[in-house]
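Undergrad: Whatever this is, show me its structure:
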Amino acid sequence: MRITEKKDSEWITVHVDSDDDLWYLKNLINPGDMVRMTTLRRVEKQQDMNRSKESPRKPVTASIVAESVEFQDFSGNLKVLGTIREGPEDIIGDHQSFNISPGDNFELKKQQWLEQQRELLAEALDNKFSQKFYFIAADDETAWILMLKSYGIQSIGKIDSHLTGKAYESNFSEQDFHREIVESCRRMLPEGSTIIILGPGFTREKIVNAFRTYGGTGFRVVTYPTNRSDAGAVWEFLNTPEADAIFRDLRISGDSRLVESFLRHVGTDGLGTYGYEDVLTALEAGAVDTLIVSEEKFRTPEGRKLLEESRNYGTRVHIIGTGTDPGRIVSNFGGYCAILRYRLL
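TA: Numbering: from 1, shown residues only. Next up is the predicted model:
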C-alpha cells in the first residue's frame with residue numbers, strides 16, 4: 001500500500017497494491033468516514049422505469065459516507081457501501097458501492113484516526129509485510145500448496161495421490177504424485193520462491209528429492225516435520241523457534257505467538273483473562289499488559305471503550321484477524337482476551 005497526503009487537506013490518496021492491503025483497509029475504514037473514487041454508473045436515474053439493462057455506463061467521481069465495509073478473505077475485492085455526499089447534483093443522496101481491488105486508487109477522509117489504526121496503517125506501508133511465503137503440507141495421500149499472507153493462509157492448490165479408495169490398484173503412483181506436486185509449483189509459484197515442506201513421516205524428504213529430479217531446482221526448498229499435513233501444519237510450524245527466526249516480523253506469526261502465550265497463561269498461572277466484562281475490570285485496575293481484540297470487536301462501541309481504557313494504563317493492544325486459527329481462538333473466547341501484569345483476586 002502507498003498513500004499520498006495532500007497539504008492542508010483531510011483527504012489522503014490510497015494506492016492499493018495487493019490483497020493484503022484490502023485486509024488492512026477493512027480495519028481502517030469506519031462507518032461515517034468518507035471515500036471518494038471514480039466508478040461507472042448508468043446514465044439514467046434508477047427511478048426511470050423504462051431504462052434498459054444495456055444502458056451505457058459512464059465514469060463518475062463521487063464521495064460517499066461509508067455505511068459498511070465488506071471483505072471476504074482472499075477474494076481480491078473490498079466493497080464499501082454508503083450514500084453519495086459529493087458528486088454530480090442528480091445523484092446526491094443515492095446509494096453507491098465502491099469495489100476496491102489491487103491496482104485501484106481512492107481517497108479517504110476519516111472522522112477520527114484511532115492509535116491502533118495508525119499502527120495498522122504504518123504496518124501496511126512497510127514493504128516487509130508484502131513478502132510471500134509458500135508451503136507444501138503433505139502426507140502420502142494429499143498435498144496442499146499454501147501461501148502465507150499477512151492475515152491468513154490461502155490454499156492455492158491440492159494434489160491427490162489416489163492412494164486410497166476405489167482407484168487404489170490402478171491409479172496410484174508415488175512417483176507421479178511427487179512429480180505433479182513439483183509441476184504444480186512450477187506453474188503457480190514465482191521462480192526463486194522459498195517453499196517450506198511440512199508433514200509427518202518420510203513424504204517430506206521424498207518431495208524434496210522430487211524437486212531435484214523433476215526440474216524444481218529454481219526453488220529454495222526446506223523441510224520441517226509436523227504432525228499435521230493440512231493448513232494446520234503451517235500453524236504448528238509457526239509456533240516453533242525455527243519459524244520465529246524466519247517470520248518474527250510477520251503479523252500472522254506475531255498473532256500465533258501472542259495467542260499461544262495467552263493460552264499458556266490461562267492454563268497455568270492465571271495471568272490470562274477473557275470476555276468483555278472481565279477484561280474491562282482488569283483494564284480499570286491497570287492489570288492488563290496486552291489486550292488482544294478480534295477485528296470484528298475492534299469495530300464495535302464496546303471494543304472502542306476497551307481501546308480508550310487501554311490508553312490510560314500503557315496497555316499494548318493487538319488487533320487480530322478472524323480468518324486465522326489464532327483469530328478463531330480469540331473469537332471463541334468472546335473476541336476479547338488479555339495477558340495480565342499480575343493476578344486479580
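Undergrad: what residues go with each domain of this structure?
TA: As assigned by automatic domain parsing, the chain contains the domains 2-129, 132-247, 251-340.
Undergrad: Against residue 39, how distant is the closest residue in space to residue 143 that isn't next to it in sequence?
TA: Spatial nearest neighbour of residue 143, chain neighbours left out: residue 159 (4.5 Å); criterion: CB to CB, 6 or more residues apart in numbering. Any C-beta I mention is one placed from the backbone N, CA and C, and that applies to glycine too. Residue 159 sits at a distance of 40 Å from residue 39 (criterion: CB to CB, to the nearest Å).
Undergrad: Likewise for residue 107?
TA: Counting by CB to CB - residue 107 and residue 39 are separated by 13 Å.
Undergrad: Least confident secondary structure element in the chain?
TA: One helix or strand of the chain scores below all others by mean pLDDT, DSSP states H and E: helix 168-171, with a mean of 52.
Undergrad: From the contact counts, what lies against the helix or strand just after it?
TA: Next helix or strand after helix 168-171 toward the C-terminus (DSSP states H and E): helix 174-188. Packing contacts for helix 174-188, counted by 3 or more CB pairs under 8 Å, 6 or more residues apart in numbering; DSSP states H and E, involve strand 133-138, strand 142-149, strand 152-160, helix 203-213.
Undergrad: what's the closest of the ones you listed to residue 118?
TA: strand 142-149 (21.9 Å; CB to CB).
Undergrad: what's stretch 299-307 in contact with?
TA: Contacts with stretch 299-307, where a contact means CB atoms under 8 Å, 6 or more residues apart in numbering, come from 27, 30, 114-116, 276, 279-280, 283, 291, 293, 297-298, 317, 335-336.
Undergrad: Narrow those to those that are buried.
TA: Buried by 16 or more other CB atoms under 10 Å: 27, 30, 114, 116, 276, 279-280, 283, 291, 293, 297-298, 317, 335-336, out of the contacts of stretch 299-307.
Undergrad: Tell me which of the residues you listed fall in strands.
TA: Per DSSP state E, strands hold the following members of these: 291, 293, 317, 336.
Undergrad: Mind putting those residues into JSON lines with distance to residue 141?
TA: Formatted as JSON lines, those follow (distance: CB to CB, whole Å):
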{"residue": "291", "distance to residue 141": "42"}
{"residue": "293", "distance to residue 141": "39"}
{"residue": "317", "distance to residue 141": "42"}
{"residue": "336", "distance to residue 141": "40"}
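Undergrad: Pick the one among those residues closest to residue 174.
TA: Nearest to residue 174, judged by CB to CB, of those is residue 293 at 46.7 Å.
Undergrad: quick one: the closest one from residue 152, how far?
TA: From residue 293 over to residue 152 the distance is 17 Å, taken as CB to CB.
Undergrad: rewinding a little: what confidence value was assigned to the residue nearest to residue 143?
TA: pLDDT, residue 159: 94.
Undergrad: Okay, and residue 309 sits in which element?
TA: Counting by DSSP H and E, residue 309 is found in helix 301-312.
Undergrad: What mean pLDDT does that helix get?
TA: For helix 301-312, mean pLDDT is 90.
Undergrad: then stretch 14-34 to CSV, C-alphas only?
TA: Coordinates of each C-alpha in stretch 14-34 appear next as CSV, following Å, rounded to 0.1, in the frame of the first residue of the first chain:
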residue,chain,number,x,y,z
VAL,A,14,-4.6,5.5,-1.1
HIS,A,15,-2.9,3.3,-3.8
VAL,A,16,-3.8,-0.4,-3.3
ASP,A,17,-1.0,-2.8,-4.3
SER,A,18,-2.1,-6.2,-3.0
ASP,A,19,-4.8,-8.4,-1.4
ASP,A,20,-3.1,-7.8,1.9
ASP,A,21,-3.8,-4.1,1.6
LEU,A,22,-7.5,-4.9,1.5
TRP,A,23,-7.5,-6.6,4.8
TYR,A,24,-5.8,-3.6,6.4
LEU,A,25,-8.3,-1.2,4.7
LYS,A,26,-11.2,-3.2,6.1
ASN,A,27,-10.0,-2.3,9.5
LEU,A,28,-9.1,1.3,8.6
ILE,A,29,-12.4,2.4,7.1
ASN,A,30,-15.2,3.0,9.6
PRO,A,31,-18.9,3.9,9.2
GLY,A,32,-19.0,7.7,8.8
ASP,A,33,-15.7,8.0,7.0
MET,A,34,-15.8,9.4,3.5
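Undergrad: Fine, thanks again, bye for now.
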